[in-house]
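Trainee: fold the following and give me the result.
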Amino acid sequence: MPRPPRLSLVMPAFNEEAGITEAVAEAHESLAGLGYEFEILVVDDGSTDRTAERVADLAAIHPTVRLLAHDTNLGYGAALRTGFEAVEFELVAFTDADGQFFLEDLEELVRLAAKYPVAVGRRMNRKDPWRRRFLSWGYNRLARTFLGTGVRDCDCALKVFRREALAYLLPESPGFFVNTEMLCRARRFGWQIAEVGVRHRPRRRGTSKVSLAEVPRTFATLIQFWWRHVVRAKPVAAPVFAKPDILPFPKEPAEPPYRRAA
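Mentor: Numbering: from 1, shown residues only. I've put the predicted structure just below:
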């Protein structure tokens with residue numbers, strides 16, 4: 001009988017006291033229901049409320065829950081990196097602590113991760129305010145055009161990586177550019193990225209941490225990254241992995257076989 005997938009789930013959190021208990025409990029229930037061997041790493045990014053206390057209470061009950069904490073707020077990308085560097089299992093996923101995703105949808109992403117180094121979700125019928133959806137549409141068009149990400153929803157916070165591939169994609173950006181940065185690095189190695197539709201729901205508690213001030217900052221970071229890593233980029237060799245039946249991945253064909261929902 002094949003061994004069930006072993007998955008580390010990273011959840012960055014900043015001032016999510018209102019909903020973090022429910023979000024982590026739902027994640028635990030979903031992963032257990034999928035039959036995975038798993039761990040949930042919640043990275044408290046210097047919260048000023050009782051987010052860390054709530055997670056510590058859950059960790060005392062569930063040995064699969066771990067709390068990692070920053071003394072000060074370092075940013076979304078920094079929180080993800082802290083979590084990524086602490087994972088133990090061969091598959092690594094991340095999601096936000098706002099509970100907007102149905103984590104049962106990880107099952108398809110995990111299945112795709114057997115063939116691809118990166119499997120990402122695309123929010124179907126996205127449940128965010130129209131301004132945020134419009135800005136995201138424009139940003140994704142720019143990311144595909146300038147950075148060649150090749151996906152339609154860079155910032156969808158439901159992704160799965162093979163741990164051996166993730167080691168080459170660890171983000172440098174401390175902020176919200178982190179998703180685009182990691183996808184761009186993967187594409188520079190010639191890796192194919194699987195993309196599949198996932199369900200999305202409105203935030204039920206707390207408030208979004210993406211402020212209007214982040215918009216110009218993220219767009220500026222995109223242009224800077226494009227200049228350094230595309231315009232002035234030097235050729236990079238794709239890493240060689242221990243499992244040649246899965247990795248390395250072929251060069252991108254003219255029409256990459258991404259999984260996209262109709």
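Trainee: show me what the host helix or strand of residue 7 packs onto, helices and strands only.
Mentor: Per DSSP states H and E: residue 7 is located in strand 6-13. The elements that strand 6-13 packs onto, with contact taken as 3 or more Cβ pairs under 8 Å, 6 or more residues apart in numbering; DSSP states H and E, are helix 20-33, strand 37-45, helix 76-84, strand 91-95, helix 106-112. Any C-beta I mention is one placed from the backbone N, CA and C, and that applies to glycine too.
Trainee: what's the first helix or strand after the last one?
Mentor: Proceeding N to C from helix 106-112, the next assigned helix or strand is strand 118-123, under DSSP H and E.
Trainee: now the strand holding residue 7, how far from the centre of its chain.
Mentor: 9 Å (Cα atoms, centre = their mean, to the nearest Å).
Trainee: who does it pair up with?
Mentor: In the sheet, strand 6-13 lines up against strand 37-45 (parallel), strand 91-95 (parallel) (DSSP bridges).
Trainee: so which of the ones you listed gets nearest residue 179?
Mentor: Nearest to residue 179 among the strands paired with strand 6-13 is strand 91-95 (9.5 Å), distances taken as Cβ to Cβ.
Trainee: please, where are all the helices along this protein?
Mentor: 20-33, 51-61, 76-84, 106-112, 130-142, 163-166, 178-188, 214-226 (DSSP state H).
Trainee: between those, which gets nearest to residue 99?
Mentor: The nearest among these, by Cβ to Cβ, is helix 20-33 at 4.3 Å.
Trainee: contacts for that closest one next, please.
Mentor: 7, 9, 11, 13, 16, 38, 40, 42, 51, 54-55, 57-58, 62, 64-65, 95, 97-99, 102-104, 106, 204-205 (Cβ atoms under 8 Å, 6 or more residues apart in numbering).
Trainee: quick revisit: residue 156 is nearest to which of the helices of the chain?
Mentor: Checked against Cβ to Cβ, the stretch from the helices of the chain lying closest is helix 178-188, at 7.7 Å.
Trainee: quick one on the thing from earlier: any chance of the helices of the chain in a markdown table, with mean neighbour count too?
Mentor: What follows is the helices of the chain, written out as a markdown table (neighbours: other Cβ atoms under 10 Å):
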| stretch | mean neighbour count |
| --- | --- |
| helix 20-33 | 19 |
| helix 51-61 | 18 |
| helix 76-84 | 23 |
| helix 106-112 | 20 |
| helix 130-142 | 14 |
| helix 163-166 | 19 |
| helix 178-188 | 23 |
| helix 214-226 | 15 |
